[in-house]
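Peer 1: need the 3D shape of this:
(2 chains)
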Amino acid sequence: MTTAIPESSYSVDVVERSANRMVLSMGPQHPSTHGVLQIITEIEGEIVTKASPEIGYLHTGIEKSAENLFWSQASTVIERMDYLSPLTNALCYYLAVEKLLGIDGEIPPRAQQVRVLLCELSRIASHCVWLGTGGIDLGALTGFFYCFDLRERILDLFEASGGARMHPNYIRVGGLGRDLPSGFLEKLDGVIAMYGPRMRDVRRLLQKNPILQDRMIDVGIIAADDALAWSLTGPTLRATGIPYDVRRAFPYGGYEAYDFDVITRTEGDSYARFLVRLDEMEQSMRIVRQVRDALKPGPIAIDDTKVMPPPKETIALSMEALIHHFKIMTEGFRVPPGDVYQAVEGPRGELGYYVVSDGGNRPYRVRTRPPSLYNLQALKGLAPGNLIADLVVIIGSLDPVFGEVDR
Amino acid sequence: MPSSQTPPAGATALDPTAVRPDIADARIHRVPAAELRATLERLKGEGFGMLLDVGGADYPGRELARFDVVYHLLRIGRTATTLAEVGAPDRVRVLCAVGEADPVLPTVTDLWPSADWAEREVYDLFGVRFDGHPDLRRIQMPDDWQGYPLRKDYPLRGPALERTPRPSFALKSNVAAGTPASGKTAAALQRQIAQARGNSSFAPGSVPAAAATPAQLAQQPVNLKTEDTKS
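Peer 2: Numbers count the residues shown, from 1 in each chain, chains lettered A, B, ... in the order given. Next up is the predicted model:
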């Protein structure tokens, strides 16, 4: 795929030319680009002098589709943005809708607890994918299986709760779609028990591995000022020393009730991002354990049949329940006009939804603030001066998800 | 072009941002286009160091100019190393209306480099241009796409403008880099694209040409036009 630049037909802007320079196109299906990303790199020998990421190959018009679905249907496409942590997307969107409806203070405690529980489990599952594939980028194949095995156990929990491994579509406006099934907590205890020893194994395999350390330490260093200028959030920002975590800065959905530390490092290199994510998984598990202990039986959705369908078993008994059920299923519910910005701490950083309602039964505008897009964009500033092999490490350490970048 | 999007039932507000309920998600400033730069520079000076997002919205029919470009800013300490130093982060939202006739706003890429892709996306999906942007071209849609998909009068489905999928992919992936794809030189691909564009009879809203012989069809660019089943 490489070629020396023909003088005449070269159409990318070139800062300077020399006999040694060449253009290398990585992607859009290069295995280490973690999706359909293309990076047009200019290299001199093995040193990258310029990198221009090209995105859009996975653009599916999710924001447009969402405008044409009912408020509660839209989460079907919204969960497909960040497909590694769909619940975080759905939670953020629904929190925004609940704010517009003015019911954000009425969500029952059990619903909030289960939402937090599943979101933290998705963070762990998402970081498992990052850790596994990030190891593969560097040739460490074994860790992948350890991580994906753990992730699969967590996906089993999602399947038990919502019915699907990847996109459970479990959260609803005002609460949850249904209660946790019997046997869920036993499975959860299994995951909690498995987590500690498994992560010890993974850390032993990867964290102190001299090859991985050689590849990651001092590679792709981001200074705190640059991180702010490039709008980096999440572990990428916290690895530069700035302890900004949406769960702490703008608590939502009941996160005030749990103890956890905001993990930071000051080095700002790929290894710092690696360690921040690893330690963050421990904190997520800490929250999961706290929720597990605090979980009490109770209602799982607000008692307002204007937005939440009445329980199925009441439909045959009550005419009103039948009418409400029919109305919600056929024309949805209406949301008072207004606009709202809601952010949550996704696995990749601040995930925000700017939701506009014009008073109708469909969202008027759903704008996502995708953390991956901004984190990936920083590659333009990060890549120059690095070896082309290190570019793979840097992409891995930014952890982009292309469903979210391209939407 | 008439929209095939289903109109929402019960829509009441032409400009939802004007009638929003009292939700404490951010401080909101609505500024005219002429004051946008000055406002954002002032806010940056006040410590709103991070530009979280630039988004767009389309409100046809309202009194204000048609498009809103929305800037989300976050105040966060630049040198903070502990939670206490970060203090209470704060959000500000700046809305700026821009008209349909000449949708141009000044760029903020010189204030925040991260505005680059976000402004390109607003341009790509809404057609709002940013004066002074270093590289304003489409980002999500193919380079030769026509129309701005997130505008409300752009149909959800129906008359598709996907005229030359293969060459436009080549344009994005190979020609720009000057690398030959499948044995073809970049110049040959450029010629192929120019040819395909010249041949295309699928201008927006036009009716496809009458049935042609298989040989002629093979010469034509791929047409993915589908009937509008929604409206």
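
Peer 1: wait, what's in contact with residue A:143?
Peer 2: Contacts of residue A:143 were listed using C-beta atoms under 8 Å, 6 or more residues apart in numbering or on different chains, and they are A:131, A:132, A:135, A:202, A:205, A:206. The way it works is simple: take the backbone N, C-alpha and C, and place the C-beta from them, glycine included.

Peer 1: buried ones only from those residues, please, as a PyMOL command.
Peer 2: In PyMOL, a selection of the buried entries from the contacts of residue A:143 looks like this (16 or more other C-beta atoms under 10 Å in any protein chain shown):
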select buried, chain A and resi 131+132+135+202+205+206
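
Peer 1: looking at the contacts of residue A:143, which is nearest chain B?
Peer 2: Taking C-beta to the nearest C-beta as the measure, chain B sits nearest to residue A:131 out of these, at 26.0 Å.

Peer 1: mind checking how far the closest one is from residue A:206?
Peer 2: 7 Å (C-beta to C-beta, to the nearest Å).

Peer 1: averaged pLDDT, the helix or strand encompassing residue A:89. What do you get?
Peer 2: For residue A:89, the enclosing helix or strand under DSSP states H and E is helix A:86-101. The average pLDDT for helix A:86-101 rounds to 92.

Peer 1: what's the domain layout of the chain?
Peer 2: I'll assume chain A. The record assigns chain A these domain ranges, following automatic domain parsing: A:3-54, A:62-406.

Peer 1: oops, wrong one, chain B.
Peer 2: Taken from automatic domain parsing, chain B resolves into B:21-154, B:157-231.

Peer 1: any idea which of those scores lowest on pLDDT?
Peer 2: domain B:157-231 (a mean of 47).

Peer 1: can you name the residue of chain A nearest to chain B?
Peer 2: Chain B sits closest to residue A:360 of chain A, with a gap of 2.7 Å, by C-beta to the nearest C-beta.

Peer 1: contacting residues for the residue nearest to residue A:144 when sequence neighbours are not counted?
Peer 2: Among residues not flanking residue A:144 along the chain, residue A:132 sits closest, at 3.9 Å (C-beta to C-beta, 6 or more residues apart in numbering or on different chains). Shown in contact with residue A:132 (C-beta under 8 Å, 6+ apart): A:143, A:144, A:145, A:146, A:147, A:148, A:151.

Peer 1: save those residues as a markdown table, and put in secondary structure and pLDDT too.
Peer 2: Formatted as a markdown table, these follow (DSSP: H, G, I helix; E, B strand; the rest coil; pLDDT from 0 to 100):
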| residue | secondary structure | pLDDT |
| --- | --- | --- |
| A:143 | helix | 83 |
| A:144 | helix | 87 |
| A:145 | helix | 90 |
| A:146 | helix | 90 |
| A:147 | helix | 89 |
| A:148 | helix | 91 |
| A:151 | helix | 92 |
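
Peer 1: quick check: next helix or strand after the host helix or strand of residue A:329?
Peer 2: Secondary structure assignment for residue A:329, by DSSP H and E: helix A:319-331. Remark: after helix A:319-331, the chain's next helix or strand is strand A:338-346, criterion DSSP H and E.

Peer 1: what about that following strand and chain B, any contact?
Peer 2: Yes: Strand A:338-346 reaches chain B (C-beta under 8 Å from any C-beta of the partner chain) through A:338, A:339, A:340, A:341, A:342, A:343.

Peer 1: so which elements touch that strand?
Peer 2: If you count contacts as 3 or more C-beta pairs under 8 Å, 6 or more residues apart in numbering or on different chains; DSSP states H and E, strand A:338-346 packs onto helix A:86-101, helix A:246-249, strand A:349-357.

Peer 1: now those in TSV, with mean neighbour count?
Peer 2: As requested, the helices and strands packed on strand A:338-346 are exported to TSV (neighbours: other C-beta atoms under 10 Å in any protein chain shown):
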stretch	mean neighbour count
helix A:86-101	26
helix A:246-249	20
strand A:349-357	27
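
Peer 1: how about TSV for those, with distance to chain B added?
Peer 2: Listed next are these as TSV, based on distance: least, C-beta to the nearest C-beta, whole Å:
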stretch	distance to chain B
helix A:86-101	5
helix A:246-249	4
strand A:349-357	5
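
Peer 1: which of the ones you listed sits closest to residue B:63?
Peer 2: strand A:349-357 (16.8 Å; C-beta to C-beta).

Peer 1: check contacts around the nearest residue to residue A:218 once chain neighbours are set aside.
Peer 2: In this structure, residue A:218 finds its nearest non-sequential neighbour in residue A:269, 5.3 Å apart by C-beta to C-beta, 6+ apart. By C-beta under 8 Å, 6+ apart, the residues touching residue A:269 are A:216, A:217, A:218, A:219, A:220, A:221, A:222, A:239.

Peer 1: which residues of the stretch 201-350 of chain A lie near chain B?
Peer 2: When proximity is defined by C-beta under 8 Å from any C-beta, the stretch 201-350 of chain A lies next to chain B at A:224-225, A:228-231, A:233, A:241-244, A:248-250, A:262, A:264, A:266, A:331-332, A:334, A:336-343, A:350.

Peer 1: drop anything exposed from the residues you listed.
Peer 2: Buried residues within these, counting neighbours by 16+ other C-beta under 10 Å: A:224, A:228-231, A:233, A:241-244, A:248-250, A:262, A:264, A:332, A:334, A:336-343, A:350.

Peer 1: quickly find the element holding the residue nearest to residue A:237 when sequence neighbours are not counted.
Peer 2: Spatial nearest neighbour of residue A:237, chain neighbours left out: residue A:227 (5.1 Å); criterion: C-beta to C-beta, 6+ apart. Residue A:227 belongs to helix A:224-229 when assigned by DSSP H and E.

Peer 1: what is the mean pLDDT for the helix or strand following that helix?
Peer 2: Next helix or strand after helix A:224-229 toward the C-terminus (DSSP H and E): helix A:235-238. Average pLDDT, helix A:235-238: 91.

Peer 1: so what does helix A:235-238 touch, helix or strand wise?
Peer 2: Looks like helix A:235-238 contacts helix A:224-229, helix A:270-294, strand A:349-357 (3+ C-beta pairs under 8 Å, 6+ apart).

Peer 1: taking strand A:338-346 as reference, get the angle to the second one.
Peer 2: Note on geometry: by axes from the mean of the first three to the mean of the last three C-alpha atoms, to 10 degrees, helix A:270-294 and strand A:338-346 are set 100 degrees apart in direction.

Peer 1: and helix A:270-294, what other elements does it pack with?
Peer 2: By 3+ C-beta pairs under 8 Å, 6+ apart, helix A:270-294 packs against helix A:109-137, helix A:184-206, helix A:210-216, helix A:235-238, helix A:388-398.

Peer 1: show me what counts as buried in it.
Peer 2: Under 16+ other C-beta under 10 Å, the buried positions of helix A:270-294 are A:270-281, A:283-285, A:287-291.

Peer 1: do you have the strands of chain B handy? List them.
Peer 2: Counting by DSSP state E, chain B has strands at residues B:27-31, B:50-58, B:67-75, B:90-98, B:104-106, B:129-131.

Peer 1: tell me the most buried of those?
Peer 2: Of the strands of chain B, the one with the most neighbours on average (mean count of other C-beta atoms under 10 Å in any protein chain shown) is strand B:50-58, at a mean of 26.

Peer 1: neighbouring strands - and their directions - for it?
Peer 2: Strands that pair with strand B:50-58, judged by DSSP bridges, come out as strand B:67-75 (antiparallel).

Peer 1: can I get the helices and strands packed on helix A:235-238 in TSV with distance to residue A:66 and mean pLDDT?
Peer 2: TSV is the format used below for those (distance: least, C-beta to C-beta, whole Å; pLDDT from 0 to 100):
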stretch	distance to residue A:66	mean pLDDT
helix A:224-229	30	86
helix A:270-294	28	92
strand A:349-357	9	92
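
Peer 1: check contacts around residue A:406.
Peer 2: When contacts are counted by C-beta under 8 Å, 6+ apart, residue A:406 touches A:36, A:55, A:56, A:57, A:58, A:59, A:60, B:140.

Peer 1: how about it, nearest residue that isn't a chain neighbour?
Peer 2: Leaving aside its chain neighbours, residue A:406 sits nearest to residue A:58 (3.9 Å; criterion: C-beta to C-beta, 6+ apart).
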